[in-house]
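Q: generate a structure from the sequence data that follows.
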Amino acid sequence: MKILEAVIAILMILTVVVIYFGSNESFPEFESVSRGMRGFYALKVLDQSNKLRSDAIENNTKSIENNLRPLIPGEINFQVFVCQTACGKPSAQTESMVSVTYLISGDIDNFKSRQILLYMW
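A: Numbering: from 1, shown residues only. Here you go, the predicted model:
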């Protein structure tokens with residue numbers, strides 16, 4: 001009987017500890033996750049069609065943005081940055097902003113890697 005009481009007491013203490021010290025992490029909103037996935041797959045489509053790599057190596061952000069326009073819905077605003085180490089920040093700062101990072105390892109003639117940051121809001 002004492003063993004049963006000890007097991008119940010241990011379970012009660014563990015329950016209180018788990019509830020008290022449990023994580024209070026909030027999950028991101030579905031809309032921002034969906035927007036981020038759309039942006040990633042849009043960059044992936046451009047990369048697979050060989051339109052992204054050459055523009056990224058030449059730091060041609062305007063061409064990348066023009067190629068992304070048909071792939072990203074019109075109600076989503078976005079801005080692209082191409083960098084090697086430190087990237088810029090978008091002109092608009094909102095709470096609903098999502099960023100997507102896409103890495104390019106280089107090309108046959110140019111082995112410098114590039115980081116493509118796509119900010120969407």
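Q: quick one: mean pLDDT over the helix or strand hosting Ala56.
A: Using DSSP states H and E, Ala56 sits in helix 52-57. Helix 52-57 carries an average pLDDT of 85.
Q: also stretch 78-93?
A: Stretch 78-93 comes out with an average pLDDT of 79.
Q: what's the end-to-end length of that stretch?
A: In stretch 78-93, first residue to last residue: 11 Å (Cα to Cα, to the nearest Å).
Q: test my guess that Ile72 contacts Arg38.
A: Yes - with contact defined as Cβ atoms under 8 Å, Ile72 counts as touching Arg38 (6.3 Å). C-beta here means a position set from N, CA and C on the backbone, and glycine is covered the same way.
Q: the residue most central in space within the chain: what secondary structure?
A: The centroid of the chain falls nearest to Val100 when counting by Cα atoms, centre = their mean (3.9 Å). When classified by DSSP: H, G, I helix; E, B strand; the rest coil, Val100 comes out as strand.
Q: can you tell me which residues contact it?
A: By Cβ atoms under 8 Å, 6 or more residues apart in numbering, Val100 lies in contact with Gly36, Gly39, Phe40, Leu43, Leu117, Leu118, Met120.
Q: what distance do you get for Glu5 to Gly36?
A: Separation of Glu5 from Gly36 (Cβ to Cβ, to the nearest Å): 51 Å.
Q: my bad, should have said Ala6
A: 49 Å.
Q: who's more crowded, these two?
A: For Ala6 versus Gly36, the count of surrounding residues by other Cβ atoms under 10 Å is larger for Gly36: 16 against 10.
Q: now for Ile72 and Arg38: what residues contact both?
A: Residues touching both Ile72 and Arg38 (Cβ under 8 Å, 6+ apart) are Met120.
Q: for the chain, what spans make up the strands?
A: 78-83, 98-104, 114-120 (DSSP state E).
Q: so for Thr15, which of the ones you listed sits nearest?
A: Proximity to Thr15 (Cβ to Cβ) singles out strand 98-104 among the strands of the chain, at 37.2 Å.
Q: give the bridge partners for the residue lying closest to Phe78 once chain neighbours are set aside, please.
A: Spatially, and ignoring its direct neighbours in sequence, Phe78 is nearest to Met120 (4.5 Å; Cβ to Cβ, 6 or more residues apart in numbering). Note on Met120: beta-bridge partners by DSSP bridges are Phe78, Val98.
Q: thanks a lot, see you next time.
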